[in-house]
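Peer 1: Generate a structure from the sequence data that follows.
(one chain, ligands or ions: 4)
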Amino acid sequence: MEPLITRLVATSVSIANRAGRIVRDILSKGDLGIVEKGKNDYQTEADRSAQRCILASLHKAFPKVSVFGEEELDSRPVPQEWIETTVNEEVIKTTANKLPDTLKAVKDEDICIWVDPLDGTAEYTQGLLDHVTVLIGIAVKGRSVAGVVYQPYYNYQAGQDATLGRSIWGIIGVGTFGHQANKPPEGQNIITTTRSHSTRAVVLAVDACEPTEVLRVGGAGHKVLLILEGKAHAYVFASPGCKKWDTCAPEAILHAAGGKLTDIHGNDFTYEPTVQRRNTGGVLGTPRAEDHKWYLDHIPQEVREALPIS
Ligand SMILES: Nc1ncnc2c1ncn2[C@@H]1O[C@H](COP(=O)(O)O)[C@@H](O)[C@H]1OP(=O)(O)O
Ligand SMILES: [Mg+2]
Ligand SMILES: [Mg+2]
Ligand SMILES: [Mg+2]
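Peer 2: Ligands and ions are numbered 1, 2, ... in the order given. Predicted coordinates for the structure are as follows:
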């Protein structure tokens, strides 16, 4: 049998696809069932249903692994057709002979999975559909090592014949798959940041990094995809708004591709089950680990002091 990590990623790719289908079905039926959880913080029926699908499916396949999802839900039974049991063969094939030795012996109790059933909820409700992703991040002993980012509306403006949706997945030491890997253009400094959760500190930090262009878009998953595809040079978010489920999967795919995701002080995120959910130190992502320090050095002291280390 394949190592646990390989099976977890291969199953998570299938589960994220199933959840993405739920996200699309709910929008096409038109009743989003929006609930306001807090200031500028919404939940829809798609967030709730996709999380039920993902947690029930993971629990069925891996009953001993800890899984945490963004939404607080009751334990109502999940419709049988939402339990995804298939395994993505592409992941199995690609990972065979490539998985690092350190990940081969990982046990159930070493793992914690962080699930964001719908990242970019604000943009989903506003029809900015390619900003939406489903995130399943896999941490081992508190460090993010593998992740799945499913983009349910990829290609949605490309015409009827285009295949809707794509899966991007990555494992540290194996690589990142399912997207184009491009370098960002030389001579520019394109910075991506929030469009729906901006604050004074967010703007100060972006401006201090001397952008030639600012891409204000939704979703932590979506912004990391922009970096992987060479559309942005950095993801700068000087706010305590992101939580563990927002960063776990994006961090793994970015690190697996040679990039770096930390808080704005340069500290690594940790993901053990008891960790504080909020990433109080903000988020900084770059496509090459060696470019990270330049951005860290440009974050104003005033902004750093306002964002405590997570
Ligand atoms: N102030 C905030 N309140 C609630 N969620 C936030 C906040 N800031 C960031 N997030 C979460 O982090 C993601 C990335 O931030 P942004 O889109 O603003 O760049 C958001 O899509 C949202 O995830 P979610 O949509 O899953 O609730
Ligand atoms: Mg949310
Ligand atoms: Mg999110
Ligand atoms: Mg979410």
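
Peer 1: which residues touch the residue lying closest to residue 129 once chain neighbours are set aside?
Peer 2: Nearest residue to residue 129, sequence neighbours excluded (CB to CB, 6 or more residues apart in numbering): residue 153, at 3.7 Å. C-beta coordinates here come from the backbone N, C-alpha and C atoms, glycine included. Remark: with contacts taken as CB atoms under 8 Å, 6 or more residues apart in numbering, residue 153 is in contact with 24, 129, 130, 132, 164, 165.

Peer 1: Please apply the same query to residue 253.
Peer 2: So residue 253 contacts 147, 149, 168, 169, 170, 176, 224, 228 (CB under 8 Å, 6+ apart).

Peer 1: Next: residue 61.
Peer 2: So residue 61 contacts 7, 11, 85 (CB under 8 Å, 6+ apart).

Peer 1: before we move on, the earlier item: can you say which of the contacts of residue 153 are buried?
Peer 2: Neighbour counting with 16 or more other CB atoms under 10 Å marks 24, 129, 130, 132, 164, 165 as buried within the contacts of residue 153.

Peer 1: The fourth one touches residue 117, doesn't it?
Peer 2: No. Applying CB atoms under 8 Å, one finds residue 132 not in contact with residue 117, separated by 10.6 Å.

Peer 1: So which of the contacts of residue 61 is the closest to residue 280?
Peer 2: residue 11 (31.8 Å; CB to CB).

Peer 1: how many neighbours does the closest one have?
Peer 2: 23 (other CB atoms under 10 Å).

Peer 1: Now render the contacts of residue 253 as CSV, adding neighbour count, distance to ligand 3 and secondary structure.
Peer 2: CSV is the format used below for these (neighbours: other CB atoms under 10 Å; distance: CB to the ion, whole Å; DSSP: H, G, I helix; E, B strand; the rest coil):
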residue, neighbour count, distance to ligand 3, secondary structure
147, 33, 13, strand
149, 31, 11, strand
168, 26, 16, strand
169, 30, 18, strand
170, 27, 18, strand
176, 22, 20, strand
224, 32, 12, helix
228, 26, 18, helix
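
Peer 1: in what helix or strand does the residue nearest to residue 129 lie?
Peer 2: Assigned by DSSP states H and E, residue 153 belongs to no helix or strand.

Peer 1: Look up how far ligand 3 lies from the closest residue to ligand 1 within the chain.
Peer 2: The minimum distance from the chain to ligand 1, using CB to the nearest ligand atom, falls at residue 241 (2.3 Å). Here residue 241 is placed at a distance of 9 Å from ligand 3 (CB to the ion, to the nearest Å).

Peer 1: Residue 243 too?
Peer 2: Going from residue 243 to ligand 3 by CB to the ion gives 7 Å.

Peer 1: Model confidence for the nearest residue to that residue once chain neighbours are set aside, exactly?
Peer 2: Excluding the flanking residues, the one nearest residue 243 by CB to CB, 6+ apart is residue 277, at 4.7 Å. Reported pLDDT at residue 277 in the predicted model: 97.

Peer 1: and residue 277, what are its phi and psi?
Peer 2: The phi/psi pair for residue 277 (degrees, to the nearest 10) reads phi -70, psi -40.

Peer 1: hang on, the earlier thing: would you list the contacts of residue 253 in CSV and tack on pLDDT?
Peer 2: Below are the contacts of residue 253 laid out as CSV (pLDDT from 0 to 100):
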residue, pLDDT
147, 98
149, 99
168, 98
169, 98
170, 98
176, 98
224, 98
228, 98
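
Peer 1: Considering these, which is situated nearest to residue 160?
Peer 2: Distance to residue 160 across those (CB to CB) is lowest for residue 168, with 23.5 Å.

Peer 1: And the nearest residue to that closest one once chain neighbours are set aside, how close does it get to residue 51?
Peer 2: Closest residue in space to residue 168, ignoring its immediate chain neighbours: residue 178 at 4.1 Å, by CB to CB, 6+ apart. Note on residue 178: its distance to residue 51, by CB to CB, to the nearest Å, is 22 Å.

Peer 1: pLDDT score assigned to the residue nearest to residue 129?
Peer 2: 98.

Peer 1: Next: residue 97.
Peer 2: Residue 97 carries a pLDDT score of 93 in this model.

Peer 1: helix or strand for it, which one?
Peer 2: Using DSSP H and E, no helix or strand contains residue 97.

Peer 1: And stretch 234-245, how far out from the chain middle?
Peer 2: Stretch 234-245 sits 11 Å away from the centroid of its parent chain (CA atoms, centre = their mean, to the nearest Å).

Peer 1: right, and residue 195 touches residue 222 too?
Peer 2: No. The pair formed by residue 195 and residue 222 falls short of the contact definition of CB under 8 Å, at 10.3 Å.

Peer 1: so what's the nearest residue to residue 289 once chain neighbours are set aside up against?
Peer 2: Counting by CB to CB, 6+ apart, residue 289 lies nearest to residue 260, which is 4.3 Å off, once chain neighbours are set aside. Contacts of residue 260 were listed using CB under 8 Å, 6+ apart, and they are 254, 285, 286, 288, 289, 292.
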